[in-house]
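Visitor: Everything below, folded, please.
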Amino acid sequence: MATLLGLSIIVCPILYFTVGPMLDETQMSTLKTLLIIAGCSAAFCFIVGEATGNNSQMDKLWSLLPIAYTWIIAANGGMSARLVVMAVLATLWGIRLTFNFARKGAYSLKFWEGEEDYRWAIVRSGSTFRKRWAWALFDLGFISIYQNALVLMTTFPALVAMRSDAPFGWVDCVAAVLMFGLIIWETVADEQQWAFQTRKRALLAEGRKLEELPAPYNKGFNTIGLWSRSRHPNYFAEQSIWVAFYIFSIGAGMGILNWSVIGALLLIVLFQGSSSLAEEISGGKYPEYEHYCQHVNRFFPGKKYTD
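Guide: Numbering: from 1, shown residues only. A predicted model of the protein is given here:
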């Protein structure tokens, strides 16, 4: 957490003041609005998370906030073609992710309830957080403040594109096609994982042991479809989606490198940690997972896995 927060605090201002672009009055006003929303969201996540013991409050908002942010930016930016396309794509991304999280039982009419991401319970049980105050600090600093800041930063390419007079061009087309294609990729990956896990649970519900299940379910983890070429095809797409989103700022004439890249970069850093945690959990549960890791790339699709 300290490393991530340090990168956020140090790198973003350096990029802002060294490579630009500087924000004009309209952009600064828009940013203030977004910061107020992010601040309220962080406060909500911390208060509700601590009061209920369900630390997936931010998980529920993760897919919704970028939709709001990008449409606010688009409205304040005069609804230019580029900003509208960016907002539409962010909305498609958000709808997909919200649906995927909702079918796992994450949302409830009692908004403070719902299924918590299983990884938070595992993290809480670690020796680092045996003291209640230690977990509360982590909840405040990382789950509530940092993750809200990160989600906001992923939409910064739209914020810098507000001041652009450049017409929607071929770079924007490349970014749009790439981002849309990656959303489809992530959708397919999630559907394959959902189908695999649903079938595995159904077979286990019949009273069979894991090793008695037919292949490939007897491994316990998915090795078919996109998962045969990448250990985390959904994570690969998620990171790449926001890199594609950043390309819009290049199309807006803000240069190949500008400070709005910070969101995509920090998201990549975050997924290094979250994927390592997921693999540590899977490695402890499934004997063949280490062999799978040795033959399949973590993110970028590569050679097909054969056992």
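
Visitor: and the end-to-end length of stretch 96-115?
Guide: 18 Å (C-alpha to C-alpha, to the nearest Å).

Visitor: Likewise for stretch 227-239?
Guide: Stretch 227-239: ends 16 Å apart by C-alpha to C-alpha.

Visitor: Wait, Trp135 touches Phe129, no?
Guide: Yes: taking contacts as C-beta atoms under 8 Å, Trp135 lies within contact range of Phe129: 4.2 Å. For every residue, glycine as well, the C-beta is placed using N, CA and C.

Visitor: Look at the two and report which has more neighbours.
Guide: A count of neighbours by other C-beta atoms under 10 Å puts Trp135 above the other of Trp135 and Phe129, at 20 against 16.

Visitor: ok, the more buried one - contacts?
Guide: Trp135 makes contact with 124, 129, according to C-beta atoms under 8 Å, 6 or more residues apart in numbering.

Visitor: That one and Ala176: what is the separation?
Guide: Using C-beta to C-beta, to the nearest Å, we find Trp135 at a distance of 42 Å from Ala176.

Visitor: Give me the neighbour count for Thr128.
Guide: 11.

Visitor: What sits closest to it if chain neighbours are left out?
Guide: Ala134 (6.4 Å; C-beta to C-beta, 6 or more residues apart in numbering).

Visitor: Let me know how buried that neighbour is, in neighbour terms.
Guide: Quick note: Ala134 (other C-beta under 10 Å) scores 14 neighbours.

Visitor: got the buried residues for the strand or helix carrying it?
Guide: For Ala134, the element it lies in under DSSP states H and E is helix 132-138. For helix 132-138, burial by neighbour count (16 or more other C-beta atoms under 10 Å) applies to 135, 138.

Visitor: same deal with stretch 298-307?
Guide: Neighbour-count burial for stretch 298-307, counted by 16+ other C-beta under 10 Å, picks out 298-299, 305.

Visitor: between these, which is nearest Ala202?
Guide: Nearest to Ala202 among the buried residues of stretch 298-307: Tyr305, at 23.5 Å, using C-beta to C-beta.

Visitor: Could you name the helices and strands sitting against the helix or strand hosting Leu31?
Guide: Here Leu31, judged by DSSP H and E, is contained in helix 25-52. Packing partners of helix 25-52 (3 or more C-beta pairs under 8 Å, 6 or more residues apart in numbering; DSSP states H and E): helix 57-62, helix 65-76, helix 147-154, helix 156-161.
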